[in-house]
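Visitor: quick one, structure for this:
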Amino acid sequence: MSEKVIVFEPNMNGPAHTEINAGLLKIIEKLSSGKSLEFISDEVHLNSLRKKIDLAKWNINKIKVIDYKPKNFLMMELMFLYRSTKILVFSKDIDSIYFLGILPISLNILSIINIFLQRKIIIALHGQMEAFLDNSKIGKTRYYYYLCRYTFNNKDNIKYIVFGESIAKNLDFLIKRKKMLIIDQPYMME
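Guide: Purely as a prediction, here's the structure:
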């Protein structure tokens, strides 16, 4: 039985996050030598990534991702929840699953499911973490992201990629260090 590495980009349907996702995919590919690689993404985002990196080693599954706007959050949550649950249920104990984005309701449910399944899950945290800071300027969506503030320290075998030590220090009140994977924000040099 061979280990599979599954990487899922649930939110991007355009060029946004191309640099960081290209860097993450390259890192994951290098760390996963000899393992089966699967990438799930919207086709438009996938085409943006292909301009930055060679994805020849990856098995590609294309999905349709709706626009990342507050009015679409509920529909995005439902789609993400369906897709992520399907990934978890059909994965094996030895597989590694990376989510290149997450939404709060889905994170809560994913955490509960993984308390029982104990899959190796790694989630990249992006700008949504600003919602948890006192001086946040992201408006009313802050309260939407608050829905998952108690989930980060569950015994769910989920770890979180945090981009930089300074961000990690700002999140110490929210996420225990043992659940953080702190890396510099990756980018592709041309």
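Visitor: can you list the low-confidence ranges for the chain?
Guide: Residue ranges of the chain with pLDDT under 70: 1, 188-190.
Visitor: strands along that one, start to end?
Guide: 4-8, 36-42, 58-63, 96-99, 120-124, 158-163, 180-183 (DSSP state E).
Visitor: make TSV out of those strands and add mean neighbour count and distance to Gly23.
Guide: Placement of C-beta: from N, CA and C, glycine included. Below are those laid out as TSV (neighbours: other C-beta atoms under 10 Å; distance: least, C-beta to C-beta, whole Å):
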stretch	mean neighbour count	distance to Gly23
strand 4-8	21	12
strand 36-42	20	14
strand 58-63	15	15
strand 96-99	22	13
strand 120-124	21	10
strand 158-163	21	10
strand 180-183	16	9
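Visitor: quick one, which of the ones you listed is nearest to Ile138?
Guide: strand 158-163 (17.0 Å; C-beta to C-beta).
Visitor: still on that earlier bit, got a markdown table for the strands of the chain, with distance to Phe90 too?
Guide: Output for the strands of the chain, formatted as a markdown table (distance: least, C-beta to C-beta, whole Å):
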| stretch | distance to Phe90 |
| --- | --- |
| strand 4-8 | 9 |
| strand 36-42 | 11 |
| strand 58-63 | 12 |
| strand 96-99 | 11 |
| strand 120-124 | 14 |
| strand 158-163 | 18 |
| strand 180-183 | 25 |
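Visitor: which one of the ones you listed lies closest to Leu133?
Guide: Closest among the strands of the chain, using C-beta to C-beta: strand 158-163, at 13.5 Å.
Visitor: how about the CA coordinates for the closest one, as PDB?
Guide: Provided in PDB are the C-alpha atoms of strand 158-163 (Å, rounded to 0.1, in the frame of the first residue of the first chain):
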ATOM      1  CA  ILE A 158      -4.400  18.700  12.300                       C
ATOM      2  CA  LYS A 159      -1.400  21.000  12.000                       C
ATOM      3  CA  TYR A 160      -1.400  24.500  10.700                       C
ATOM      4  CA  ILE A 161       1.200  26.100   8.300                       C
ATOM      5  CA  VAL A 162       1.800  29.600   9.600                       C
ATOM      6  CA  PHE A 163       3.900  31.900   7.300                       C
END
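Visitor: start the count at 15 instead of 1 going forward.
Guide: OK, 15 is where the count begins now, so the last one is strand 172-177.
Visitor: what is it packed up against?
Guide: helix 118-131, strand 134-138, strand 194-197 (3 or more C-beta pairs under 8 Å, 6 or more residues apart in numbering; DSSP states H and E).
Visitor: what's the closest of the ones you listed to Pro84?
Guide: helix 118-131 (12.5 Å).
Visitor: next one: the closest one to chain centre, how far?
Guide: Chain-centre distance of helix 118-131: 13 Å, with C-alpha atoms, centre = their mean, to the nearest Å.
Visitor: lovely, talk soon.
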